[in-house]
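# could you look at this predicted model? Sequence included:
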Amino acid sequence: MLHPEREQIALEDVLAALGQPVRLDVVRRLASGAEKFCSEVVQGVPKSTMTHHWRVLREAGVIRQRPEGRNVFVSLRRDDLDARFPGLLDIVLNDRTDG
């Protein structure tokens, strides 16, 4: 799985990834910092659709995925994002004007 290094994470990629409501919801659900199974983060979205969302978030550097057997664990790359763009996640996670 492709995970960009911290210094490769680009602001425009992060903002594009977070600009989609399902992906923004994923980030909010991962904000606790706990690693979760991909399947337990969002329910009611087809697996093929979520596969696309996971790829966008992973390649943008927003999440990290870790396969283990038949399961894939996912976590928010909070430390990397905070180091690259201080305060960005705080703004995104605290903004509830989207609905």
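Perfect, thanks for sending it.
# only C-alpha atoms from now on, for both contacts and neighbour counts.
Will do.
# shaky segments in the chain?
For the chain, the stretches flagged by pLDDT under 70 are 1, 96-99.
# quick check: next helix or strand after the longest helix seen in the chain?
In the chain, taking DSSP state H as the definition, the longest helix is helix 47-60. Going down the chain from helix 47-60, the next helix or strand is strand 63-68, by DSSP states H and E.
# what packs against that following strand?
helix 47-60, strand 71-76 (3 or more Cα pairs under 8 Å, 6 or more residues apart in numbering; DSSP states H and E).
# other residues contacting the first one?
Pointing back at helix 47-60 there. 2-4, 9-10, 13-14, 17-18, 22-23, 63-65 (Cα atoms under 8 Å, 6 or more residues apart in numbering).
# please repeat the previous calculation with a cut-off of 10 Å.
Outside helix 47-60, the residues that touch it by Cα atoms under 10 Å, 6 or more residues apart in numbering are 1-4, 8-18, 20, 22-24, 26-27, 38-39, 42-44, 61-65, 74-77.
# in that helix, what counts as buried?
Residues of helix 47-60 classed as buried: M50, H53, W54, R55, V56, L57, R58, E59, A60 (neighbour count, 16 or more other Cα atoms under 10 Å).
# and the third one, how far from V41?
If I follow you right, that is W54. According to Cα to Cα, to the nearest Å, W54 and V41 sit 11 Å apart.
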